[in-house]
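This is a predicted model, with the sequence first.
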Amino acid sequence: MARRQASPPLQEFALIRMLERRFARRTPGLVQGIGDDAAVIATSSPTWWHLTTDLLAEGIHFDMKSATPESVGYRAAMANLSDIAAMGAVPRYLLISLAIPKTWTRPHIHELYTGLMKACRLYNVTLVGGDTSASKAGLFLSITLVGATSRRLALFRHGAKVGDHIYVSGTLGDSLAGLTLLMENTRSGPSRKKKSEFSSAHRAFLLRRHFRPTARVAEGQWLNERQLASAAIDLSDGLSGDLRHLCKASRVGAEVELDKIPISPACRAYAQAIGVSPIQLALTGGEDYELLFTTSPRDGKKVERQARTRGYRITPIGTIRPQRFGIQMMTDGRTQPLPVTSYEHFR
C-alpha cells in the first residue's frame, strides 16, 4: 500500500496566493480583490467602498499577561484603520466579532470596547454591528472596517514605477522594541549597567508606541486626494516584508539606504541596551502602522514641502529599481540583498 505523502507546512503568504488562484473571481464592480490592504468595490454612486478585515488571536497577536483589555481593543481597531489609511480612504463603519473565554467578565468586555471606541472616535468611525461566541482557547477578535473614497481615487500597492522615490512616515522599529522590552521584563531585562543608559522616558515612549499606535489616516488621505503617491502599503509586517509586497504587486525592484531609515532615539537607546542593531528592529518590526509609499521624482520636493507644512514626518529611504535588480539594501557604499525577515504566520 502506497504511503500518503505528507503535506508541506503552511506558509501564510503562499496560502493567500493559493486561495486567490483557486477561489477569487472578477465580478462587475470589483475594483480590487485579494492582494492589497483592502478590497475596493464600486457602486452606482460616486463612491468607492474599501473593506478590510483582521483576525487577532490571544497568544499570537497579544498576551493578556502584559496587555489590558483596553489596549487590545485599541490596537485591534488601529490595525484595521491602518489598512484603510494605506488606501487613502476615509474610515466610516466598523463591525467586531468576539470569541470570549470563560474567565472574562462584563468589566473585561466593557474595557475592551472602551479601547476600541477610543480609537474609533479619533476618526469618526461608527460601530454598526458584530457577533459574539464563547471560546475554549483564549480571546479572539475579528474586525471589519469599511472606508470610502471618491470614485477612481485610491492608493494601491501596484502603482510604483522605476525611478520613483520610496518614503516612510514616522519612525520604524518602535513597536517591536516595546514588545521586546515587555518580554525582557518577564525575564531579567537589560543589565544594571545598560539600564542607566535607557531612560524611563524612552521606556514609556516604546510601550506607548506598542500599545497605542497611530494609524496614519490623515497622511493617507492627503497623499490620495493630492494624487502624490504612486503606490502605498501600511507597515504591519515590517519594512523588509512590506516593501517586498509592494514591489511584487508593482513588478519592480528597490534599493533602500539603511542609514536613511528613521529610527527614534528611544529605539536606538534600547537597541544599544540589549546589544542588537536598531536597523534590525526597523526592518523586522511589524505593527508600527506607518505608511510606506512611493512618489515620482518630479513630485518628491512637493511631497516633502507639503508634509512639513502639515506637520507630517516623512523620510525618503530609497529608490524603485527594475524588477531584475531585486530588493537591495545599501550600507557603507555597498549593496546586498535585503533579507526577508518580517513576520509571517505558520513560520
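Everything's here; your move.

Residue 255 sits in which helix or strand?
strand 253-257 (DSSP states H and E).

Show me what that strand packs onto, helices and strands only.
Counting contacts by 3 or more CB pairs under 8 Å, 6 or more residues apart in numbering; DSSP states H and E, strand 253-257 packs against helix 239-250, strand 314-321, strand 327-331. All C-beta spots, glycine's among them, are computed from the backbone N, C-alpha and C.

Strand partners (parallel or antiparallel) of it?
Strands that pair with strand 253-257, judged by DSSP bridges, come out as strand 314-321 (antiparallel), strand 327-331 (parallel).

Need the contact partners of that strand.
Residues outside strand 253-257 that contact it (CB atoms under 8 Å, 6 or more residues apart in numbering): 166, 239, 243, 247, 317-331, 335, 338.

That one versus helix 239-250: what angle between them?
Here strand 253-257 runs at an angle of 150 degrees relative to helix 239-250 (axes from the mean of the first three to the mean of the last three CA atoms, to 10 degrees).

Just after strand 253-257, pick out the following helix or strand.
By DSSP H and E, the next helix or strand past strand 253-257 is helix 265-274.

Flag every buried residue along that next one.
By neighbour count on 16 or more other CB atoms under 10 Å, the buried set for helix 265-274 is 266-271, 273-274.

Alpha carbons of the following helix or strand past it, in PDB - could you do that?
Using DSSP H and E, the helix or strand that follows helix 265-274 in sequence is helix 278-284. Extracted C-alpha coordinates of helix 278-284, given in PDB (Å, rounded to 0.1, in the frame of the first residue of the first chain):
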ATOM      1  CA  PRO A 278      18.400  49.300  15.600                       C
ATOM      2  CA  ILE A 279      18.300  48.700  11.900                       C
ATOM      3  CA  GLN A 280      17.300  45.100  12.500                       C
ATOM      4  CA  LEU A 281      14.400  46.300  14.700                       C
ATOM      5  CA  ALA A 282      13.300  48.700  11.900                       C
ATOM      6  CA  LEU A 283      13.500  46.100   9.200                       C
ATOM      7  CA  THR A 284      11.700  43.300  11.100                       C
END
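
Can you name every helix or strand that helix 278-284 contacts?
helix 174-186, helix 239-250, helix 265-274.

Turn those into TSV, columns for distance to residue 302 and mean pLDDT.
Converted to TSV, the helices and strands packed on helix 278-284 look like this (distance: least, CB to CB, whole Å; pLDDT from 0 to 100):
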stretch	distance to residue 302	mean pLDDT
helix 174-186	28	86
helix 239-250	21	96
helix 265-274	29	94
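
closest one to residue 148 among the ones you listed?
Closest approach to residue 148 among the helices and strands packed on helix 278-284 (CB to CB): helix 239-250, 22.2 Å.

outside of that closest one, which residues touch it?
Contacts for helix 239-250 (CB under 8 Å, 6+ apart): 35-36, 156-161, 166, 168, 172, 231-237, 253-254, 256, 261, 282-286, 292, 294, 320, 323, 327, 338-344.

Take those residues and keep only those in strands.
Of those, the ones assigned to strands by DSSP state E are 166, 168, 231-235, 253-254, 256, 292, 294, 320, 327.

Mind jotting down where the helices sit in this protein?
12-23, 69-86, 106-122, 174-186, 192-195, 200-211, 217-225, 239-250, 265-274, 278-284, 300-310 (DSSP state H).

Show me the shaky parts of the stretch 1-150 of the chain.
1-18, 20-25 (pLDDT under 70).

OK, contacts around residue 116?
73-74, 76-77, 94, 96, 127 are the contacts of residue 116 under CB under 8 Å, 6+ apart.
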